[in-house]
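*Asks:* Have a look at this prediction, sequence included:
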Amino acid sequence: MRTGISIVLISLTLLSCTKDSLDRIPEAYVNYRITIQEFNIKNKNGLLLVNKMDNTGVAGLIIYRRADNAYVAFDRCSSVNPQTRCAVVPDDPNLTATDPCSGAKFSLFDGSPVKAPAKRPLKEYKVIISNFEISVLN
């Protein structure tokens, strides 16, 4: 009886480590802050790239001011083969970003995939605007 239970538990453990769990962007602590004035100086057409450093996600951040003046922030790590940590690069004009490793494209409006092989969106982080500061958190 114990052998049967052990086999079932081992099987369930192995089945839980599916490819689906490997295709997810890993969790990373994010706590990035920039003043709105500094964002306005550093951004290019409403878009700011933050290279990977402490507290900036898996592959860095993209902070984007949309046409409706709302700010969104995404991890630059592509959702296609995220274990490679390939950082997406914004296209010109800044409506999409491309994964240079796979050719996948993502919308910067909401992070959704717009060109195969992308099937999942970019990882989005919470953006809080207060006291003339933009905070990107998870």
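*Replies:* Structure's in. What do you need?

*Asks:* When you work out contacts or count neighbours from here on, use the C-alpha atoms and nothing else.
*Replies:* Will do.

*Asks:* for Y32, which residues make a bridge with it?
*Replies:* Here Y32 sits in beta bridges with V136, going by DSSP bridges.

*Asks:* Confirm for me that it is in contact with L137.
*Replies:* Yes. Counting by Cα atoms under 8 Å, Y32 sits close enough to L137 to count as a contact (6.7 Å).

*Asks:* list the contacts for the nearest residue to T98 once chain neighbours are set aside?
*Replies:* Using Cα to Cα, 6 or more residues apart in numbering and skipping residues adjacent in sequence, the residue nearest T98 is K105, 4.5 Å away. By Cα atoms under 8 Å, 6 or more residues apart in numbering, K105 lies in contact with T96, A97, T98, D99, P113, V114, K115, A116, A118.

*Asks:* So among these, which ones count as buried?
*Replies:* Among these, those classed as buried by neighbour count (16 or more other Cα atoms under 10 Å) are T96, A97, T98, D99, P113, V114, A118.

*Asks:* Need these in CSV (columns: secondary structure, pLDDT and distance to Y71).
*Replies:* Formatted as CSV, these follow (DSSP: H, G, I helix; E, B strand; the rest coil; pLDDT from 0 to 100; distance: Cα to Cα, whole Å):
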residue, secondary structure, pLDDT, distance to Y71
T96, strand, 96, 15
A97, strand, 97, 16
T98, strand, 98, 20
D99, coil, 98, 21
P113, strand, 98, 19
V114, strand, 97, 20
A118, coil, 96, 23
